[in-house]
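Q: Kindly generate the corresponding structure for this input.
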Amino acid sequence: MGQDKRVILAFALSFGMLILWRVFYVKEPPPAPKASAPAPSRPAQGQPAVPVKPRAPVPLPVLAGKKAAEIVVESGLCRVTFSTQGAVVKSWVLKKYRDGKDQPLDVVNGPACEQLGYPMSFNLADQELARNLNTVLYVTTPSTASLTAPAKLEFTFSDGKIQAKKQFSFGPGYETRVEMSVFDGQRYLPVEAVWPGGFGDHSLPVATESAMSQAFYGTLEKVTKVAQRKVEEDRTIPGPLDLAGMEDRYFVDTFLPGSPEQAFRFARREWNPVDWKEKDKPKPLLAVLGSAQPKPLAFRLFVAPKDLDVLHSAEPPLDSLVDFGWFSVVAKPLFLGLRYIHDHWIHNYGWAIVILTLLINLAMFPLKLKSIRSAQEMQRIAPLVKSIQEKYKHLKFNDPRKQRMNQEVMKLYQEHHINPLGSCLPMVFQLPFLYGFYRVLDLSIELRHAPWLLWLKDLSAPDPIYILPTLMVVTMFILQKMTPVATADPAQQRMMMIMPLMFGIMFFRFASGLVLYWLTSNVVGIAQQAFINRITPASQPLPGPRKAAPVKD
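A: Here you go, the predicted structure:
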C-alpha cells in the first residue's frame with residue numbers, strides 16, 4: 001500500500017473513531033482501596049487499663065406520626081413531594097422540563113423505588129434499625145401539606161430509645177441543604193443518605209437510559225465518570241470529595257459533601273418490573289453519601305438540568321459536569337455561538353445549526369480550496385506513481401528493496417513540488433471542529449425537545465421518518481463524485497464511494513440535530529465544490545512512461 005493510501009486510510013479510521021468515541025470510550029477508574037480499621041489502642045506496659053464510665057442515656061420523648069401523608073415543597077423550578085412514612089422523597093419534578101411522554105419530568109424512578117427504597121432513605125450499620133426508620137411515621141415541622149420555597153421542612157421520630165431527624169432547607173434555586181441524624185440517647189450513630197432506583201428521565205427506552213446513566217465523583221477540576229453498565233459491584237470512594245452523584249444525558253443529581261471525611265458509594269441493584277417487556281431487566285444505579293463519624297450527616301443536594309448557566313451559578317460552580325471532550329477549547333465557543341444565534345438572530349435551534357454550519361464552512365473554505373488543489377496535483381502525476389509501483393509490486397511488503405519504491409515516489413513528488421499530505425492535512429485541521437460540534441449537539445440540553453420543521457419535534461432525538469439521514473447519504477454521494485480523488489486506483493476510489501453508506505449507517509440513530517449539521521455541511525460543500533470546479537480547470541494527467549521492467553529478485 002502506497003504512502004498516500006495509508007494516509008487516507010488513517011484519516012478515515014481516525015475520523016470514524018472520533019465519531020464513535022462516545023459509544024466505546026468509558027473512563028474506568030480503579031477500585032478504591034478499602035480503608036483498614038485502626039487497631040484498638042492498648043494501655044502501656046505495666047499500666048492498668050482505665051475503665052471508661054458509660055454516659056447515662058438522655059431521656060428521649062416519644063414522638064411519632066399518626067398516619068401517612070404527603071407534603072409538597074414547591075419553587076419556581078422544582079416540585080418535591082415527601083412522605084411522612086420514612087421521611088423520604090416520593091417525587092422530584094423539574095418544572096421547566098417534560099419527559100419523553102410529554103409529562104412533567106420526575107427524576108425519581110417511582111416503580112423501582114417501590115422495591116428498592118426512596119431517595120433520602122437512611123442506611124445504618126444496623127440494617128434492621130435502618131429498615132424500621134425508613135418505614136415509621138414521622139412528625140413534620142411545620143405541620144402543613146404544602147410549602148413554598150424558600151422553606152425549611154423537618155421530620156422527627158422517636159420511640160423513647162432512638163431519635164431520627166431529617167431537615168431539608170429549600171432555596172429559590174435548585175440547591176437543597178440536608179441534615180440527617182440518628183441519636184440513641186448517648187451518641188449519634190454514623191449514617192448514610194441513600195438515593196436508590198436510578199436518576200433521570202425514566203420515560204426513555206431502557207437501552208438509551210442505561211447508555212446515558214452514569215455515576216460520577218471527584219474534584220471541581222477533575223470529575224471521574226463511570227457508566228452504569230460498567231458497575232459490576234459496590235464501589236466506595238473515600239473523601240475528601242468536592243462532588244459526587246448520578247447523571248443522565250441532560251440532568252444531574254449532585255451530592256456536595258459537607259465535610260472531608262464523607263465518602264461516596266455507588267452500585268447497581270436488581271428489581272422486578274411489573275410491566276417489563278424487554279428480555280434484560282435494568283439494574284438502576286444506587287448512590288450513597290455517608291460518614292463513619294458519629295455525628296449528624298450534613299450536605300447539599302443539587303438536582304438540576306445540565307445547563308451551563310445553571311451549573312455555573314451553583315456554589316461552587318459545577319461547569320465540569322458538562323464534558324465537551326478532547327476539544328472543549330473548540331466545543332465551548334461553538335456552543336456559545338449556537339446559543340447566541342438562537343437568542344439574537346433566529347429563535348429556532350434547527351435554523352441556528354444551519355447558520356452556524358454555514359459560517360464554519362465559509363471559515364474553512366481556504367483550507368478546503370488548498371486541499372482540492374493538492375488533490376488535483378496528486379491526480380495529475382498519478383500515472384507516474386502507478387508506473388513506479390508496478391515495478392515493485394511483485395516484492396513482499398517487508399522486502400528491504402521496497403524502500404526504493406518509496407524513495408522514487410518521494411523524489412517524484414519533490415520534482416513536481418507536491419506535498420503528499422497536502423490533500424489530507426487541511427481536513428485534519430477540521431477534525432477538532434467536527435468533533436467539537438458533535439459534542440455540542442450531543443450534550444446541549446437546549447436541543448432537548450427543540451423543534452425544527454414539521455416532522456422534527458426534537459433535535460436531540462433521531463429523525464422519526466429518516467428523511468435527514470437519507471438526504472445526508474445522497475448529498476455525500478454527490479459530493480464524492482464532484483470531488484477530485486488524489487489517486488487513480490479504482491479499488492481506493494470504490495472504497496471512498498462506500499464511505500457515504502458507512503456514515504449513513506452510523507448516523508441512522510444519531511440525534512437529528514447532528515444529522516442536520518452534517519447534511520447542511522454537505523450541501524454547502526456541494527456549492528463550494530461547484531465553485532472550485534468552475535474557477536479551477538481540471539488537471540490533465542501526465543502521460544505515464546513506457547512500462548518499466550520489474551525489479552529483479
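
Q: Show residues contacting the lengthiest helix in the chain.
A: For the chain, the longest helix by residue count, based on DSSP state H, is helix 512-535. With contact meaning Cβ atoms under 8 Å, 6 or more residues apart in numbering, helix 512-535 is reached by 349-350, 353-354, 357-358, 360-362, 365, 368-369, 372, 437-438, 441-442, 447, 450, 452, 456, 458-463, 468-469, 471-472, 475-476, 478-479, 482-483, 503, 507. (Glycine included, C-beta is placed from N, CA and C.)

Q: at 7 Å instead, please
A: Helix 512-535 is contacted from outside by 350, 353-354, 357-358, 361, 365, 368-369, 372, 437-438, 441-442, 447, 452, 456, 459-463, 468-469, 471-472, 475-476, 478-479, 482-483, 507, using Cβ atoms under 7 Å, 6 or more residues apart in numbering.

Q: Those residues in helices, which ones?
A: Using DSSP H, 350, 353-354, 357-358, 361, 365, 368-369, 372, 437-438, 441-442, 468-469, 471-472, 475-476, 478-479, 482, 507 are the members of the contacts of helix 512-535 that sit in helices.

Q: Quick check on these: which are buried?
A: 350, 353-354, 357, 361, 368-369, 372, 437-438, 441-442, 468-469, 471-472, 475-476, 478-479, 507 (16 or more other Cβ atoms under 10 Å).

Q: circling back to that earlier point, and the longest helix of the chain, how far out from the chain middle?
A: Mean-position distance between helix 512-535 and its chain equals 29 Å (Cα atoms, centre = their mean, to the nearest Å).

Q: now the angle between helix 467-482 and it, please.
A: Orientation note: helix 512-535 sits at an angle of 20 degrees relative to helix 467-482 (axes from the mean of the first three to the mean of the last three Cα atoms, to 10 degrees).

Q: Can you give me the buried ones in helix 512-535?
A: Under the neighbour-count criterion of 16+ other Cβ under 10 Å, helix 512-535 has 512-526, 528-529, 532 buried.

Q: Contact partners for Leu243?
A: So Leu243 contacts 218, 254-256, 318 (Cβ under 7 Å, 6+ apart).

Q: Pick the one among those residues closest to Pro333.
A: Closest approach between the contacts of Leu243 and Pro333, by Cβ to Cβ: Leu318, at 20.0 Å.

Q: Please name the residues that touch the nearest residue to that closest one once chain neighbours are set aside.
A: Distance criterion Cβ to Cβ, 6 or more residues apart in numbering; nearest residue to Leu318, sequence neighbours excluded, is Leu311 at 4.3 Å. Counting by Cβ under 7 Å, 6+ apart, Leu311 touches 317-319, 321-322.

Q: now Met120
A: 88-89, 166, 193.

Q: and if you look at Pro500?
A: Pro500 makes contact with 473, 476-477, 480, according to Cβ under 7 Å, 6+ apart.

Q: what's the answer for Ser444, then?
A: Taking Cβ under 7 Å, 6+ apart, we find Ser444 in contact with Phe335.

Q: In strands, which of the contacts of Met120 appear?
A: 88-89, 166, 193 (DSSP state E).

Q: Just the closest of those residues to Trp271, please.
A: Val88 (16.5 Å).

Q: For that closest one, which non-adjacent residue is spatially closest?
A: Using Cβ to Cβ, 6+ apart, the closest residue to Val88 is Tyr118 (3.7 Å).

Q: Helix or strand: which one has the residue nearest to Leu318?
A: According to DSSP states H and E, Leu311 maps onto helix 308-313.

Q: next structured bit after that helix?
A: Next helix or strand after helix 308-313 toward the C-terminus (DSSP H and E): helix 328-340.

Q: May I see the PyMOL selection of the buried members of the contacts of Leu311?
A: Buried subset of the contacts of Leu311, written as a PyMOL selection, criterion 16+ other Cβ under 10 Å:
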select buried, resi 318+321+322
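
Q: tell me the SS of Ala130?
A: With DSSP: H, G, I helix; E, B strand; the rest coil as the basis, Ala130 sits in helix.

Q: what's the pLDDT at it?
A: If you check Ala130, the pLDDT there is 96.

Q: Now for the residue lying closest to Val515 once chain neighbours are set aside: which residues touch it?
A: What sits nearest to Val515 in space, not counting adjacent residues and going by Cβ to Cβ, 6+ apart, is Leu468, at 4.4 Å. Leu468 makes contacts with 512, 515-516, 519, as judged by Cβ under 7 Å, 6+ apart.

Q: and if we set it to 10 Å?
A: Counting by Cβ atoms under 10 Å, 6 or more residues apart in numbering, Leu468 makes contact with 452-453, 455-456, 462, 507, 510, 512-516, 518-520.

Q: And it, how close does it get to Asp242?
A: Using Cβ to Cβ, to the nearest Å, Leu468 is found at 41 Å from Asp242.

Q: again, but for Gln186
A: Applying Cβ to Cβ to Gln186 and Asp242 gives a distance of 34 Å.

Q: Those two: which is more packed in?
A: In this view Gln186 and Asp242 are compared by other Cβ atoms under 10 Å, and Asp242 has more residues nearby, 18 against 12.
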